[in-house]
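**Student:** next comes the sequence, and after it the predicted model I'd like to discuss.
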Amino acid sequence: MDPDRARGVLLGLACGDALGRPVEFRSASAISAEHGRLDEMVGDGTWNQPAGTITDDTEQALCIARSLVDQQAFDPADVAARFVDWYDSGPFDIGGMTLRSLSRLKRGDALDEAGKHVWEQSREGQNAGNGSVMRCAPLAIPYSTEWERLAEVSRQSSQITHADPRCTDGCAVLNLTIAGLLDDADAPLQAALDHVGSDVPDELVTALEPVARGETPATLETSGYVVHSLQTALHDGLRAETAEEAIATAVNRGGDADTIGAIAGAVAGARFGASQLPDRWSAAIDETDELGALATKLEGMSA
């Protein structure tokens, strides 16, 4: 594995997250009116957050990466405990399903029950958010050559808070795609879809197959629905000619800009490497050094 591209997975995720944070849930037209094409890290004036501030996307990815390094394997109980500690720290932002699942864990729900309960009690439209796909990319580095295990741990990491099959299988498809990129696969998304097989929800497959064929769907949605987020982020991450273009394109679409930017960034980082991310972006993010060090240790685990 190219160490630069391993670092690119984590740093690309953080860059997309931080670039998108100040414009989260704004429309593409509103972003254009204020920034033209947003490609510089800017501060969030509403909350007085400086340029380069990450959100829950990167913060939870850091929980997973730190756990992998400390435990030298995926330990769902340890990851869940880190999520709860992060929740107790009073994060600036936290998704609804994540909040409810971690609250249940704090109250004593079993690890394999909290996310399931929240999913079962959530109506359609609120039961398949993107809160697990946004954080799962660190798993693709140490398990990049163990595809069965990577699919398994990706699903397990999602189930802590997001048990809907569109979320669990979405994490598996995303991480298998990233693993394929790290291994120079010619058609990484198609290889991922082929690997997970016929058990994946039809809605997810229908959305991603055109992207795997190199097509641009008629519409690319930017909502927090996991299928929308994956389709748009994978399209931008796989089609762009540079890492900067991939991330900036995803963010400038508006909507759930930080999360779609984070997913596209992890994909683009795996394609192009950390060295191809703009220095002005990584320099603005306080966590850059830790992310790079963690990625190097994760890459070492894959040997």
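**Tutor:** Looks like it came in fine. Residues are numbered from 1 along each chain as shown.
**Student:** make it CA atoms for all contacts and neighbour counts henceforth
**Tutor:** Fine.
**Student:** how near is residue 11 to residue 98?
**Tutor:** For residue 11, the distance to residue 98 equals 23 Å [CA to CA, to the nearest Å].
**Student:** ok, now residue 302?
**Tutor:** Residue 302 is 29 Å from residue 98, by CA to CA.
**Student:** more neighbours, those two?
**Tutor:** Ranked by neighbour count (other CA atoms under 10 Å), residue 302 and residue 98 place residue 98 first, with 22 against 14.
**Student:** packing partners for the helix or strand in which the more buried one is found?
**Tutor:** In the assignment (DSSP states H and E), residue 98 maps to helix 96-106. Secondary-structure packing of helix 96-106 (3 or more CA pairs under 8 Å, 6 or more residues apart in numbering; DSSP states H and E): helix 76-88, helix 114-120.
**Student:** distance to residue 37 and mean pLDDT added to these, as CSV?
**Tutor:** Putting those into CSV (distance: least, CA to CA, whole Å; pLDDT from 0 to 100) gives the following:
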stretch, distance to residue 37, mean pLDDT
helix 76-88, 33, 97
helix 114-120, 37, 93
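**Student:** pick the most buried one from those.
**Tutor:** Neighbour counts (mean count of other CA atoms under 10 Å) averaged over each of these peak at helix 114-120, with a mean of 20.
**Student:** pull the residues that contact that helix.
**Tutor:** Applying CA atoms under 8 Å, 6 or more residues apart in numbering, the external contacts of helix 114-120 come out as 97, 100-102, 104-105, 127-128, 159-164.
**Student:** could you rerun that using 10 Å?
**Tutor:** Under the contact criterion CA atoms under 10 Å, 6 or more residues apart in numbering, helix 114-120 has outside partners 96-109, 113, 121-122, 126-128, 158-164.
**Student:** A helix includes residue 73, no?
**Tutor:** No - if the criterion is DSSP: H, G, I helix; E, B strand; the rest coil, then residue 73 is coil and not within a helix.
**Student:** tell me the contacts of it?
**Tutor:** Counting by CA under 10 Å, 6+ apart, the residues that residue 73 touches are 67, 139, 142-143, 153, 298, 301.
**Student:** how close does it get to residue 67?
**Tutor:** 8 Å.
**Student:** and the helices in the stretch 101-250 of the chain?
**Tutor:** Taking DSSP state H, counting those that start in this stretch as the test, the helices found in the stretch 101-250 of the chain are 114-120, 147-159, 165-182, 188-196, 202-212, 226-239, 243-252.
**Student:** in terms of mean pLDDT, which of the ones you listed ranks lowest?
**Tutor:** Ranked by mean pLDDT, the helices of the stretch 101-250 of the chain bottom out at helix 114-120, which scores a mean of 93.
**Student:** now that helix: how far from the chain's centre is it?
**Tutor:** 21 Å (CA atoms, centre = their mean, to the nearest Å).
**Student:** and residue 16, what does it touch?
**Tutor:** 41, 52, 54, 57-58, 244, 246-248, 250-251, 257-266, 268, 281.
**Student:** cutoff 8 Å now
**Tutor:** Residues in contact with residue 16 (CA under 8 Å, 6+ apart) are 247-248, 251, 258-265.
**Student:** just the angle between the helix or strand containing it and helix 165-182, please?
**Tutor:** In this assignment (DSSP H and E), residue 16 forms part of helix 3-20. Here the directions of helix 3-20 and helix 165-182 differ by 130 degrees (axes from the mean of the first three to the mean of the last three CA atoms, to 10 degrees).
**Student:** with just CA atoms, put helix 3-20 into PDB.
**Tutor:** This file holds the C-alpha atoms of helix 3-20, laid out as PDB (Å, rounded to 0.1, in the frame of the first residue of the first chain):
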ATOM      1  CA  PRO A   3       1.600   5.200   2.600                       C
ATOM      2  CA  ASP A   4       0.700   8.600   0.900                       C
ATOM      3  CA  ARG A   5      -2.700   7.300  -0.200                       C
ATOM      4  CA  ALA A   6      -3.400   5.700   3.200                       C
ATOM      5  CA  ARG A   7      -2.800   9.100   4.700                       C
ATOM      6  CA  GLY A   8      -5.000  10.500   2.000                       C
ATOM      7  CA  VAL A   9      -8.000   8.600   3.200                       C
ATOM      8  CA  LEU A  10      -8.000  10.200   6.600                       C
ATOM      9  CA  LEU A  11      -6.800  13.600   5.500                       C
ATOM     10  CA  GLY A  12      -9.200  13.800   2.600                       C
ATOM     11  CA  LEU A  13     -12.100  13.000   4.900                       C
ATOM     12  CA  ALA A  14     -11.100  15.800   7.200                       C
ATOM     13  CA  CYS A  15     -10.600  18.300   4.400                       C
ATOM     14  CA  GLY A  16     -14.000  17.600   2.900                       C
ATOM     15  CA  ASP A  17     -15.600  17.800   6.400                       C
ATOM     16  CA  ALA A  18     -13.900  21.100   7.300                       C
ATOM     17  CA  LEU A  19     -14.500  22.700   3.900                       C
ATOM     18  CA  GLY A  20     -18.100  21.900   4.000                       C
END
